[in-house]
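> Predicted model follows, preceded by the sequence.
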Amino acid sequence: MGPTFFGLTSQYKLELHKSLFMIAYYSNGAFKFDDLYNMPVYLRNFYIKQLEDTKNKESEAVSSAQRRNRPSKR
């Protein structure tokens, strides 16, 4: 890897674009890529955290519903 004192490291760029993709994809069109790219970092981090929390709650709700709907072994 070359010097990193000018610009972002390649690892940071990869993580940045992964997070931009996640927000754009899972927001179902609420955010455009350009809007996310130019969004202040603190707001992007807020939306990433909200997305993560929401998806975790959805996953827990699905798991809970599946457990309740399983036939009991008797």
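Yes, it's here. Numbering: from 1, shown residues only.
> Show me what stretch 29-44 is in contact with.
19-20, 23-24, 47 (Cβ atoms under 8 Å, 6 or more residues apart in numbering). C-beta: built from backbone N, CA, C; applies to glycine.
> mind redoing it with 7 Å?
Where contact means Cβ atoms under 7 Å, 6 or more residues apart in numbering, the residues beyond stretch 29-44 that reach it are 19-20, 23-24.
> residue boundaries of the helices in this structure?
10-26, 33-38, 41-69 (DSSP state H).
> I'd like a version of those in CSV, one that adds mean neighbour count and mean pLDDT as further columns.
Shown next, in CSV, are the helices of the chain (neighbours: other Cβ atoms under 10 Å; pLDDT from 0 to 100):
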stretch, mean neighbour count, mean pLDDT
helix 10-26, 13, 91
helix 33-38, 12, 92
helix 41-69, 11, 92
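> separation between residue 43 and residue 61?
27 Å (Cβ to Cβ, to the nearest Å).
> Ok, residue 33 next?
On the measure of Cβ to Cβ, residue 33 and residue 61 end up 29 Å apart.
> Repeat that for residue 54.
11 Å.
> Name the residues contacting each of those two.
Joint contacts of residue 54 and residue 61 (Cβ under 7 Å, 6+ apart) do not exist.
> number of nearby residues for residue 31?
17 (other Cβ atoms under 10 Å).
> mind checking pLDDT for it?
Looking at residue 31, its pLDDT is 89.
> same deal with residue 27?
pLDDT recorded at residue 27 is 85.
> Could you tell me the phi and psi values at it?
Phi and psi for residue 27, reported as degrees, to the nearest 10, are phi -90, psi 0.
> burial count for it?
Neighbour tally, residue 27, other Cβ under 10 Å: 14.
> Distance check, it against residue 34.
For residue 27 relative to residue 34 (Cβ to Cβ), the value is 14 Å.
> Same check on residue 64?
For residue 64 relative to residue 34 (Cβ to Cβ), the value is 38 Å.
> repeat for residue 14
According to Cβ to Cβ, residue 14 and residue 34 sit 19 Å apart.
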